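Asker: A predicted structure for the sequence below; I have some questions about it.
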Amino acid sequence: VPDTTALDELAGLVGPAGVLYPGDGLDAYEDPARGAPGRARAVVRPTTTEQVRTVVGWARRHRTRLLPQGANTGLVGASVPPPDGDGGVVVLSTERMVHGLEIDAANRTAVVPAGVRLSALDDAVAADGLWFPIDLAADPTIGGMAATNTGGARMLRHGDVRRRVLGIEAVLADEGVTVVDDLSVLRKDNTGIDLSSMFIGSSGALGIITRVAVELARRPAQTTCVFLAPTAPDRVMAVLDALDDGLGPLLSAFEVMSAESVAAALAGVDGLRSPFGAPAPPELTILVEAAGPEGTDALLLDAVAVAVATGAATDAVVAPAHDAWRLRHALTDGLRHGGVVLGFDVSVPRSALAAFRSEVRRRAAVELPRATVADFGHWGDGGMHCNLVFPTGAPPSPSEHGLARELVFGTAVERFGGSYSAEHGIGPHNADWWRRVTPPGNQRVVRSLRTLFDPLGVLGHPDLPY
Ligand SMILES: Cc1cc2nc3c(=O)[nH]c(=O)nc-3n(C[C@H](O)[C@H](O)[C@H](O)COP(=O)(O)OP(=O)(O)OC[C@H]3O[C@@H](n4cnc5c(N)ncnc54)[C@H](O)[C@@H]3O)c2cc1C
């Protein structure tokens with residue numbers, strides 16, 4: 001645990017405004033979006049790459065763990081110190097690393113300081129008709145997005161962060177406190193091993209990401225949404241095929257929401273409208289978005305007509321894009337309003353989604369009869385937020401929690417060849433599954449990289465599995 005003298009030294013390195021102490025109120029840095037709050041010894045807020053280097057050097061000298069944190073919207077417990085920690089972890093917040101955004105509109109690229117929020121980047125490039133097309137119901141930082149390889153609702157069209165990162169600058173905790181300078185804005189650059197890619201999805205373990213070069217996209221002239229009711233869960237992929245055939249790359253999102261999730265949102269969040277007007281939603285509601293030039297809406301309606309004519313869908317309604325996404329983004333709040341939610345973010349091959357869902361429901365009815373399954377997610381990418389909701393006032397016991405994890409992760413990974421972390425990276429919430437299913441040889445390679453980049457083990461959450 002760094003003592004007062006060490007913390008005074010830290011304040012000397014980044015200036016008094018650069019360090020916050022428990023007495024300053026650290027809730028925003030200690031309270032995660034999901035899971036239990038942690039306890040930090042202090043929060044250090046450097047402003048530049050050079051200051052990050054100085055802080056990492058300090059952490060090495062004082063053998064103090066630095067936990068990188070962006071907007072603290074991560075969902076696997078990796079962005080806050082442990083709840084039962086000894087208070088020795090210092091959070092390194094990138095919130096002041098926001099100056100020096102470089103935009104090359106003609107190249108459609110930007111070099112973004114790690115602490116810049118997604119919304120701020122989008123605002124900065126809007127005048128050039130551009131955006132960073134990774135879209136989610138939170139407002140993370142670019143550094144955090146790279147460290148977790150954020151997916152989001154438009155991954156089907158625009159890919160995840162990995163697909164849009166051209167280069168990264170990161171500070172290592174090796175002996176020389178090396179700055180990895182790989183900030184290329186080239187789309188084609190095959191000059192060796194791709195160092196930047198190692199930091200994507202690294203959950204803060206390999207280095208502090210200080211700047212990210214990203215590829216932007218043109219903002220679409222027209223965005224249209226439709227709600228569809230599939231004939232049955234195993235016909236959802238036939239609906240996707242019909243839309244793909246009719247729209248090609250104009251298809252930008254394909255989200256599927258269970259009746260339980262939609263009903264919870266309608267009951268718990270004000271101002272939402274039932275997609276099909278009826279009070280009870282269908283077993284599944286598909287939200288489709290098409291985005292592109294003028295005329296995209298007509299193509300979407302033609303493709304929807306094909307999906308209905310072939311018997312893959314029974315019903316379809318056009319919805320204003322704002323209302324459609326409001327409903328989609330209200331699902332989590334709606335579920336939380338109606339009960340205690342255990343949320344699992346998994347993926348399986350798209351072809352197995354309906355079978356996975358049905359198996360989870362079958363097993364939950366037998367093994368966890370107090371829980372309601374309320375799933376929704378990015379079916380176009382094989383992703384599902386598989387939620388088990390317990391009654392308010394009667395939360396899951398530790399053994400029910402354990403059973404729920406085993407049920408959902410086990411069914412996804414061991415039965416259907418899926419992933420126990422589709423989008424959120426690795427953290428204390430899923431570290432045991434990393435140890436359980438990552439091949440031993442791969443585990444050794446990751447640990448060797450970690451030893452090379454951070455031999456004293458001063459970076460990242462202490463409960464990461466590597
Ligand atoms: C309502 C809601 C909806 C969400 N929807 C999605 C979704 O659809 N898809 C999706 O993928 N995620 C989603 N998320 C999860 C979350 O928003 C992403 O994981 C996000 O990218 C995290 O960014 P952040 O800046 O908040 O990082 P943090 O939460 O602060 O940190 C996350 C991890 O990254 C590390 N880290 C942060 N900054 C750096 C840095 N500069 N250098 C090195 N490591 C760093 C941290 O140590 C930690 O391990 C959602 C979250 C919420 C609350």
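Answerer: Nice, I can see it.
Asker: what's the helix or strand for residue 223?
Answerer: strand 222-230 (DSSP states H and E).
Asker: Okay, buried residues for that strand please.
Answerer: Neighbour-count burial for strand 222-230 flags 223-230 (criterion: 16 or more other Cβ atoms under 10 Å). Placement of C-beta: from N, CA and C, glycine included.
Asker: which one among those residues gets closest to the ligand?
Answerer: Checking the buried residues of strand 222-230 against the ligand with Cβ to the nearest ligand atom, the nearest one is residue 225 at 16.9 Å.
Asker: Let's verify the residue nearest to the closest one when sequence neighbours are not counted: helix, strand, or coil?
Answerer: Leaving aside its sequence neighbours, residue 225 sits nearest to residue 324 (Cβ to Cβ, 6 or more residues apart in numbering; 3.8 Å). Look at residue 324: counting by DSSP: H, G, I helix; E, B strand; the rest coil, its state is helix.
Asker: for residue 396, same thing?
Answerer: Taking three-state DSSP, the label given to residue 396 is coil.
Asker: Residue 198: neighbour count?
Answerer: Burial of residue 198 is recorded as 18 neighbouring residues (other Cβ atoms under 10 Å).
Asker: Equivalent analysis for residue 115, please.
Answerer: By other Cβ under 10 Å, the residues close to residue 115 number 24.
Asker: which SSE is it in?
Answerer: Residue-wise, residue 115 maps onto no helix or strand under DSSP H and E.
Asker: what residues are up against it?
Answerer: Contacts for residue 115 (Cβ atoms under 8 Å, 6 or more residues apart in numbering) come out as 70, 93-98, 141-143.
Asker: Model confidence score at it, please.
Answerer: In this model, residue 115 is scored at 98, pLDDT.
Asker: before we move on, what about residue 34?
Answerer: 88.
Asker: Surely it is in contact with residue 73?
Answerer: No. The pair residue 34 / residue 73 is not scored as a contact, 9.3 Å apart, by Cβ atoms under 8 Å.
Asker: if you count what's nearby, which of the two comes out ahead?
Answerer: Set residue 34 next to residue 73 and count neighbours by other Cβ under 10 Å: residue 73 wins out with 22 against 17.
Asker: Could I get the contacting residues of the residue nearest to the more buried one when sequence neighbours are not counted?
Answerer: Nearest residue to residue 73 in three dimensions, chain neighbours excluded: residue 138, at 4.0 Å (Cβ to Cβ, 6+ apart). Residues near residue 138 by Cβ under 8 Å, 6+ apart: 33, 71, 73.
Asker: what's the pLDDT at residue 138?
Answerer: On the pLDDT scale, residue 138 is placed at 93.
Asker: what helix or strand is it on?
Answerer: Residue 138 belongs to no helix or strand, assigned by DSSP H and E.
Asker: Please report how far it lies from residue 247.
Answerer: Taking Cβ to Cβ, to the nearest Å as the measure, residue 138 falls 27 Å from residue 247.
Asker: Quick check: end-to-end length of stretch 13-33?
Answerer: 30 Å (Cα to Cα, to the nearest Å).
Asker: Residue of the stretch 251-400 of the chain closest to the ligand, please.
Answerer: Closest point on the stretch 251-400 of the chain to the ligand, by Cβ to the nearest ligand atom, is residue 332, at 5.7 Å.
Asker: before we move on, which element is that residue in?
Answerer: Using DSSP H and E, residue 332 falls in helix 321-338.
Asker: got it, and residue 211?
Answerer: Here residue 211, judged by DSSP H and E, is contained in strand 208-215.
Asker: sorry, back to before: pretty sure the residue nearest to residue 225 is touching residue 287, no?
Answerer: Yes. If you go by Cβ under 8 Å, residue 324 and residue 287 touch, sitting 5.5 Å apart.
Asker: any residues in contact with both of the two?
Answerer: Shared contacts of residue 324 and residue 287, counting by Cβ under 8 Å, 6+ apart, come down to 225, 227.
Asker: Contact residues of the stretch 51-200 of the chain facing the ligand?
Answerer: 67-75, 78-79, 94, 114, 136-138, 140-141, 143-145, 147-148, 150-152 (Cβ under 6 Å from any ligand atom).
Asker: Just the buried residues out of those residues, in PyMOL syntax.
Answerer: Remark: buried members of those, expressed as a PyMOL selection using 16+ other Cβ under 10 Å:
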select buried, resi 67+68+69+70+71+72+73+74+75+78+79+94+114+136+138+140+141+143+144+145+147+148+150+151+152
